[in-house]
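Asks: Take this sequence and fold it.
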Amino acid sequence: MRNQRAFLDDAGKKLFGHNYSPQGSSSNDYLSLWYTASHEQLVDLGGASLLKKYGSLAKLLGAVYGNEFDFLPWKFASAPRGVLGDLEVVKDAIKKAEQELGITEPLDWYRISMGQLNTIDAAKVVARRASTLAAALKELYPSISWDETVLKKKFSSIRTS
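Replies: Numbering: from 1, shown residues only. You can find the predicted model right below:
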């Protein structure tokens with residue numbers, strides 16, 4: 001694991017500049033830069049075997065830096081294959097969005113806009129899987145009778161970049 005850490009620290013310096021330093025008080029700022037990296041960039045730097053071992057950049061970074069930073073798979077520029085349709089990932093994105101947007105009651109989801117989700121990088125997972133959002137909300141809050149048609153229309157009508 002120490003060699004993997006050293007490799008990623010070095011790769012981070014090459015990708016993000018010589019001031020990249022994932023250790024210290026602002027390590028979250030540095031580690032969040034990995035959200036902009038691509039699978040191909042890491043392969044170009046010699047990380048193909050690590051990516052093969054872990055299956056995705058998100059899983060590799062989580063294994064190496066997991067104690068220091070909570071990598072959210074939907075925030076990566078290139079989300080791991082299948083992650084945006086994974087119901088558990090969508091549920092995690094919902095919980096994170098609720099924290100960041102101050103959602104205190106489940107029915108608050110009817111007042112949330114795609115723009116608000118975009119500001120916290122959760123829109124990508126919702127726009128790609130609007131029907132999954134409805135399914136996840138139903139599973140998280142089974143006592144609520146969700147209007148799936150309204151949710152699908154509201155969250156699938158706006159595309160994100």
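
Asks: Now the most centrally placed residue in the chain: closest residue in space that isn't a chain neighbour?
Replies: Central residue of the chain (Cα atoms, centre = their mean): W74, 2.5 Å from the mean position. Excluding its sequence neighbours, the residue lying closest to W74 (Cβ to Cβ, 6 or more residues apart in numbering) is V125, at 4.1 Å. (Glycine included, C-beta is placed from N, CA and C.)

Asks: does that neighbour really touch D92, like I thought?
Replies: No: V125 sits out of contact with D92 when judged by Cβ atoms under 8 Å, with a separation of 9.1 Å.

Asks: and after the lowest-mean-pLDDT helix or strand in the chain, which helix or strand comes next?
Replies: Sorting the helices and strands of the chain by mean pLDDT, DSSP states H and E puts helix 123-128 at the bottom, at a mean of 70. From helix 123-128 onward toward the C-terminus, using DSSP states H and E, the following helix or strand is helix 130-140.

Asks: Show me what secondary structure element comes after that following helix.
Replies: That would be, after helix 130-140 and using DSSP H and E, helix 148-156.

Asks: Tell me which other helices or strands that following helix touches.
Replies: In this structure, helix 148-156 makes packing contacts with helix 114-119, helix 123-128, helix 130-140, judged by 3 or more Cβ pairs under 8 Å, 6 or more residues apart in numbering; DSSP states H and E.

Asks: How far does it sit from its chain's centre?
Replies: Relative to the chain's own centre, helix 148-156 is displaced by 22 Å; criterion: Cα atoms, centre = their mean, to the nearest Å.
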